[in-house]
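>>> quick one, what's the 3D model for this:
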Amino acid sequence: MRRLWLALPAFLGAACIAAAIAIPLFLVPQLRVVPLDLDITSEATTVSEDGSTGDRFPARVFDRCSVNERRAQVDDAHLSQQRRSVIVDPSDRRQATLQSAQTVQIDRLRDADGEETEPTMAAADAARECNDGLLTANIDRVSVNRKSSVPNGTVSSLQLEAAPEGVNPQDVSVELPDRQGFQYKFGFDVQKRSYLYYDTNTRQDIPVEFVGEKTIDGVTVYEFSGEVPETDVSSLPNAQGQAALGTILTMPASWWGISGRGVEPRDQVTMHRYATATRTVWVEPETGTIVDGMEDQHQYFRSPDQSDDTPAPIRDFQMDVLKARFKWTDETVSNQAARADDYMGQLRLGNFWLPLILAVVGVVLLGVWALMWWRGRRRGDDDTTPPADDPATTSWLGETRGEHSPIAPTDDAAGGGVAGAAGVAGAAGAAGAGAADARAGGAHAADPWDQPTEQIPRVESAPESETDATAEPSTTEPPAGDDSATGWLTPPSADETQRYRRPPAE
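Numbering: from 1, shown residues only. Next comes the predicted model:
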């Protein structure tokens, strides 16, 4: 048991040091992946161009109901954008598939006459009118490598319309091939350089450049910004392979409000919807978490024919469909900053603090073991036994006198008292001293028959020629009534030092 307690600190110390080495090498890499329990909800609202939130109507939107009126109309508005990203199948230890549902809602409108309204949204399964509060909605799905956060091509699609009951969402979705850019999360260890970012509205990767470094809610972030080039949205087909609803519109020139040389009020003018944007994200570099985001959206109708054959009033015409700056809300930013800080804490705990603590504990435990071992060895060196050739402590059989000596009498009266026993036990010791030593026992006394092959020389029978019937036997009768197995022995005479009687049966 003592050896077990001595080995325990050494075992625990070695285990702590091994864990300190293994955690950064094996455990931390398991944390540096896209989590399979990811569930992020972000909200953004429209703000003024200077970023202030005091303007009640900082955005502009096309009035869809004006299609049935004599003239197109664009209203002032306040908009909200919501997006929820979760993990769906197929996801495993190598890849994660994110599903992100995004909506843009009209909070309030102000028309050209200054009248304000607050549109409401119909139920999900109800028909939507032109004045519904839901402006746009889509569901984006993308599979990414869990280590790099880069799309791997397993799933990459965009759902632009609701899937009827019993219909697979993929049947009403558009495939997005060759997708490469980040979107909902950057990779780990973000550097101060350009990256690809995927823009869902125009379905293309755009480069975002490093702009600078700042601190948001105590978290250091990198700012990246990129321009989305002008894109004809009508060239992006829906699930049926056609231009999406509202991306191509043909109306009289008077409805558009176009007039001038070469244009008649009743001329049918076809316009396409175009989109451009400026996207800005603030990324925590260690984990790749997007802490804040902003996008300047601008969508508008203009003529796709910019040739000289097209009248100048038509070539130069442009009407806003959506013009807004969306900025993440303070609550969303705080939540994302806290998420990034918690994630960084886990990585630092695994990379630095936990290995450091385990290493210190391991060294301390090994030190305790070394001290215990050294003290045990020193104690063993101090506990020395008397010299083997000391006549006062060594019997003629080679054992140390002690309480285990087999020649100690069991009854003083039967064997002539203590002095007689002492004379039998030691050939050279005085009777009184031998008896005292036999009674004292001693801490190092040992039974000479414990190791008979080491204690007793090889026994040889005496030759018959030397047998003398009158010779005095070397053993004496034990006292009456004594059935001791060891018997009584007398020391050999001087001329019998090389011959011994057979030892008593064990």
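>>> Ser254: neighbouring residues, count only.
Neighbour count for Ser254, taken as other Cβ atoms under 10 Å: 17. Any C-beta I mention is one placed from the backbone N, CA and C, and that applies to glycine too.
>>> that one - nearest residue in space that isn't next to it in sequence?
Pro265 (3.9 Å; Cβ to Cβ, 6 or more residues apart in numbering).
>>> A strand includes the one you found, no?
No. Going by DSSP: H, G, I helix; E, B strand; the rest coil, the assignment for Pro265 is coil, not a strand.
>>> count the neighbours of it for me.
Applying other Cβ under 10 Å, I find that Pro265 has 11 neighbouring residues.
>>> now do Gly181
Around Gly181 there are 18 other residues, counting by other Cβ under 10 Å.
>>> use 43 as the first number from now on
New numbering, starting at 43: the last item is Gly223.
>>> check what pLDDT it gets.
Looking at Gly223, its pLDDT stands at 97.
>>> so it makes contact with Thr242?
No. In terms of Cβ atoms under 8 Å, Gly223 does not count as a neighbour of Thr242; the distance is 10.5 Å.
>>> gap between the two ends of stretch 357-366?
24 Å (Cα to Cα, to the nearest Å).
>>> what does that stretch rub up against?
For stretch 357-366, contacts defined as Cβ atoms under 8 Å, 6 or more residues apart in numbering pick out 88, 100-104, 114, 116, 119, 121, 177, 298-300, 313, 315, 338-345, 347-348.
>>> mind running it again at 7 Å?
88, 101-104, 114, 116, 121, 298, 300, 315, 339-345, 348 (Cβ atoms under 7 Å, 6 or more residues apart in numbering).
>>> just give the number of residues close to the nearest residue to Thr318 once chain neighbours are set aside.
Using Cβ to Cβ, 6+ apart and skipping the chain neighbours, the partner closest in space to Thr318 is Glu272 (4.7 Å). Residues near Glu272, counting by other Cβ under 10 Å, number 13.
>>> so what strands line up beside the helix or strand where Glu272 lies?
According to DSSP states H and E, Glu272 maps onto strand 261-274. Here strand 261-274 is paired, per DSSP bridges, with strand 246-258 (antiparallel), strand 310-325 (antiparallel).
>>> buried set for the helix or strand that that strand is followed by?
With elements assigned by DSSP H and E, the helix or strand that comes after strand 261-274 is strand 290-294. Buried residues in strand 290-294, defined by neighbour count with 16 or more other Cβ atoms under 10 Å: 290-291, 293.
>>> just the C-alphas of strand 290-294, formatted as PDB.
Output of strand 290-294 as PDB, limited to C-alpha atoms (Å, rounded to 0.1, in the frame of the first residue of the first chain):
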ATOM      1  CA  ILE A 290     -38.900  43.000 -66.200                       C
ATOM      2  CA  LEU A 291     -41.700  45.500 -66.600                       C
ATOM      3  CA  THR A 292     -43.200  46.900 -69.800                       C
ATOM      4  CA  MET A 293     -45.400  50.000 -69.400                       C
ATOM      5  CA  PRO A 294     -46.300  53.100 -71.400                       C
END
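>>> quick check: mean pLDDT of it?
Mean predicted confidence for strand 290-294 is 96.
>>> one more: stretch 84-100?
Mean predicted lDDT for stretch 84-100 stands at 92.
>>> in that stretch, which residues are buried?
Buried, per 16+ other Cβ under 10 Å, within stretch 84-100: 84-89, 99-100.
>>> and what of stretch 229-248?
229-230, 232, 237-241, 243-248.
>>> tell me the phi and psi of Ile79?
Careful, residue 79 is Asp; it's not Ile. Phi and psi for Asp79, reported as degrees, to the nearest 10, are phi -100, psi 20.
>>> quickly find the element holding His120.
Going by DSSP H and E, His120 is in strand 116-130.
>>> identify each buried residue in that strand, please.
116-123, 125, 127.
>>> lowest-pLDDT helix or strand in the chain?
helix 459-467 (a mean of 37; mean pLDDT, DSSP states H and E).
>>> Arg150 touches Thr162, doesn't it?
No. Contact criterion Cβ atoms under 7 Å: Arg150 and Thr162 do not qualify, at 11.3 Å.
>>> neighbour count: these two, which is higher?
Arg150 (16 against 10).
>>> which strand residues bridge the more buried one?
His120.
>>> distance of it from Trp370?
20 Å (Cβ to Cβ, to the nearest Å).
>>> likewise Ala412?
57 Å.
>>> sorry, back to before: need the contact list for the residue nearest to Ser296.
Pro307 neighbours (Cβ under 7 Å, 6+ apart): 294-296.
>>> what segments of the stretch 93-242 of the chain are strands?
With DSSP state E, counting those that start in this stretch as the criterion, the stretch 93-242 of the chain has strands at 101-104, 116-130, 137-152, 158-159, 176-187, 193-201, 215-217, 237-241.
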